[in-house]
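[1] Got a sequence here, can you build the structure:
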Amino acid sequence: MIVYPFIHRHGCKPLLLILMLSVASTVQADIDLNEAIRLALTDDPVIAASQARAQAFSDNAIADGQLPDPKLKTGIYNLPVDDFDLHREPSTQFRLGLVQDFPRGDTLEFKQKKSEWMASSEQAKTEAAQRMLIRDVRRNFLELYYQLQAEQVISETRDLFAQLVEITQAHYATGRVRQQDVLRASLELSRLDDRTTRIRNEADKGRAALMKWIGTAASLPLENNFPELPALPPKTEIETALPQHPVIRVETAKFEASNQQIRIAREQFKPAWSAGLEYRKRFGDDPNGDDRADMMAAMVTVELPWFTENRQDKRLSASIEQAGSVQLLRDDKLRELKQMLATDYANWQRLGERAELYASQLLHESSANARASLNAYQNGVTEFTTLMRARITDLDVRLDDLRIRVDRAKSQASLLYLAGEGQ
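    Reported below is the predicted structural model:
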């Protein structure tokens, strides 16, 4: 242990308290977007459920490819019921046999492939759920970031307005300004307080929404740096890859499973059959006194699909219609993704143009206008109303700039959901 001889023993407790507070502050570290995504992916029940369903279909695929269990047959045949004597009648037998059923044609193979495609569908659902979770966490995190930063911007402006209130009150006391200026300054200050309350309410709702994915970590402070997202690929590249989006692969796998169901339905026009082997023990003696010989039987049973109009034909027709509906649904989902791409990409581009305009001109111009209005007011050149209007405009421009950057990042998160980047 290190001892500091220059510290008085009565000063140890305050020093220890400071050290404890510094340790606690390091434990409650700010949370960034990547950490929020990591926490959300760690234990998401939707993803876990989809993975469990995929494993279930994989296990079913193995089982679906197996022959049915053989059947054991046993019994006493031709037993006289008047005295139940096993040895009186020569036809009395004890039989023990096995029968194995064989489904029609290649039904087992197609059933196995159908379950394999359903497993592929669930695996694609898992990937789709992961992409959707990342997108939603990003968008909610960005919205919460906006509310917190907006509150900070308003707080800075409020300090300025509070100084203006003091200045106008002092000028009013000396007769330099009208009472209306004092009332206007107080009114704008109260409106800022109301604005702060509304933003805090939205921030509380944003934390509650984020808590759905990351639990109590949503109550931690957010980093002040603007959340960084992975770069977007070109629009043409995203559009070319859309048919491989997991949402589309879900429907593609379902369509292939429907095709296997069509093949299963066609196999039902073929005969099913079963084979059996049976041991038959006979009781009693032959007329010459010898034991009766035991016997064995081999059997084959064939189902004959002769009347197919109301069974096989209907099942085949239903399977074809079902496959057609799945294909149409897949096409509709692809069109929906293309619409999302067109909308979000246009929004992302236009917001980028606006963000550049704010960064290059509007922010500087509004700030310069606010400073010039203050100088003019202090020199008695302009009225207080002009000063307040300039300050409110500067606040609105700063909030609009923040809103545009956040909205553009949210559009980028939606595009990354389509592109599959950043996972």
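[2] rest of the way, CA atoms for contacts and neighbours
    Will do.
[3] contact partners of stretch 314-326?
    251, 254-255, 258-259, 261-262, 265-266 (CA atoms under 8 Å, 6 or more residues apart in numbering).
[4] what's the answer for stretch 296-308, then?
    268-280.
[5] what about 10 Å?
    For stretch 296-308, contacts defined as CA atoms under 10 Å, 6 or more residues apart in numbering pick out 95-104, 268-281, 311-315.
[6] Averaged pLDDT, it. What do you get?
    Mean pLDDT, stretch 296-308: 90.
[7] Distance from the chain centre to it, please.
    51 Å (CA atoms, centre = their mean, to the nearest Å).
[8] so how far does that stretch reach from one end to the other?
    Stretch 296-308 has an end-to-end distance of 36 Å (criterion: CA to CA, to the nearest Å).
[9] buried residues in it?
    Going by neighbour count (16 or more other CA atoms under 10 Å), nothing in stretch 296-308 comes out as buried.
[10] on that earlier part again, distance to residue 88 for the contacts of stretch 314-326 - can I get that in JSON lines?
    Converted to JSON lines, the contacts of stretch 314-326 look like this (distance: CA to CA, whole Å):
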{"residue": "251", "distance to residue 88": "69"}
{"residue": "254", "distance to residue 88": "64"}
{"residue": "255", "distance to residue 88": "65"}
{"residue": "258", "distance to residue 88": "60"}
{"residue": "259", "distance to residue 88": "60"}
{"residue": "261", "distance to residue 88": "55"}
{"residue": "262", "distance to residue 88": "57"}
{"residue": "265", "distance to residue 88": "52"}
{"residue": "266", "distance to residue 88": "52"}
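[11] Which one of those residues is nearest to residue 148?
    residue 251 (40.5 Å; CA to CA).
[12] can you count the residues close to that closest one?
    Neighbours of residue 251 under the rule other CA atoms under 10 Å: 23.
[13] try the one 4 residues further on
    The local packing count at residue 255 equals 25, with neighbours defined by other CA under 10 Å.
[14] circling back: just to be sure, which of the contacts of stretch 296-308 are found in strands?
    95-102, 273-281 (DSSP state E).
[15] of those residues, buried ones?
    95-97, 99-102, 273, 276-281.
[16] With distance to residue 239 and pLDDT added, can I get those in TSV?
    Output for these, formatted as TSV (distance: CA to CA, whole Å; pLDDT from 0 to 100):
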residue	distance to residue 239	pLDDT
95	69	92
96	66	93
97	63	94
99	57	94
100	53	93
101	50	92
102	48	92
273	51	91
276	59	94
277	62	95
278	65	94
279	68	94
280	71	92
281	74	90
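[17] Now do the helices in this protein.
    12-27, 33-42, 45-64, 107-173, 179-214, 235-241, 246-267, 312-357, 363-378, 384-419 (DSSP state H).
[18] The fourth one - what's its average pLDDT?
    Read that as helix 107-173. On average, helix 107-173 scores 90.
[19] Stretch 179-188 now?
    Per-residue scores along stretch 179-188 average to 80.
[20] Only alpha carbons, please: show that stretch as PDB.
    Taking C-alpha atoms only, stretch 179-188 is exported to PDB below (Å, rounded to 0.1, in the frame of the first residue of the first chain):
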ATOM      1  CA  GLN A 179     -42.200  46.700 -20.600                       C
ATOM      2  CA  GLN A 180     -43.200  44.700 -23.600                       C
ATOM      3  CA  ASP A 181     -39.600  43.700 -24.200                       C
ATOM      4  CA  VAL A 182     -39.300  42.300 -20.700                       C
ATOM      5  CA  LEU A 183     -42.500  40.400 -21.000                       C
ATOM      6  CA  ARG A 184     -41.400  39.000 -24.400                       C
ATOM      7  CA  ALA A 185     -38.100  37.900 -23.000                       C
ATOM      8  CA  SER A 186     -39.800  36.100 -20.100                       C
ATOM      9  CA  LEU A 187     -42.300  34.500 -22.500                       C
ATOM     10  CA  GLU A 188     -39.600  33.100 -24.800                       C
END
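[21] buried stuff in that stretch?
    Here stretch 179-188 shows 181-182, 184-186, 188 as buried, counting by 16+ other CA under 10 Å.
[22] Go ahead and name everything in contact with that stretch.
    158, 161-173, 189-194, 383-385, 388, 392.
[23] what does stretch 109-116 give?
    Counting by CA under 10 Å, 6+ apart, 54, 56-66, 107-108, 117-122, 253-265, 267 sit against stretch 109-116.
[24] Please consider this matter closed, and thank you.
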